[in-house]
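Visitor: Mind folding the following:
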Amino acid sequence: MTRGVSRWLAGGAGLLALASFLITRLGIVPINGRIKQWAATSAPADHAEILARWRRSTTHARAPHSQPSRC
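Guide: Model (predicted):
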């Protein structure tokens, strides 16, 4: 029985790692590239929306225990 539980836990950990990678690669990296371009030019009109999307992406990519408290 322990073997089955270990496999489920390992599978779940693998899925969480894959989700974290995909969020980083498809969400955070492209946004960071756009933000770096702002240093050479001016920020676009929708910069607040882009920063909010970046903030949401980085919050979802972190582990729950590493999120700042909302006190």
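
Visitor: Phi and psi next, for Arg55.
Guide: phi -60, psi -40 (degrees, to the nearest 10).

Visitor: Distance check, it against Thr24.
Guide: Noted for Arg55: a distance of 14 Å to Thr24, by Cβ to Cβ, to the nearest Å. Heads up, the C-betas are built off the backbone N, CA and C, glycines and all.

Visitor: What is the neighbour count of Asn32?
Guide: Other residues near Asn32 come to 13 when the count uses other Cβ atoms under 10 Å.

Visitor: Buried residues, the top helix by length along the chain. List them.
Guide: Ordering each helix of the chain by length in residues (DSSP state H) puts helix 2-23 first. Buried positions in helix 2-23, judged by neighbour count with 16 or more other Cβ atoms under 10 Å: Ile23.

Visitor: other SSEs contacting that helix?
Guide: When contacts are defined as 3 or more Cβ pairs under 8 Å, 6 or more residues apart in numbering; DSSP states H and E, helix 2-23 packs onto helix 47-61.

Visitor: Quick one: mean pLDDT over the helix it packs on.
Guide: In this model, helix 47-61 has an average pLDDT of 79.

Visitor: Check which helices and strands it sits against.
Guide: Under the contact criterion of 3+ Cβ pairs under 8 Å, 6+ apart, helix 47-61 touches helix 2-23, helix 29-40.
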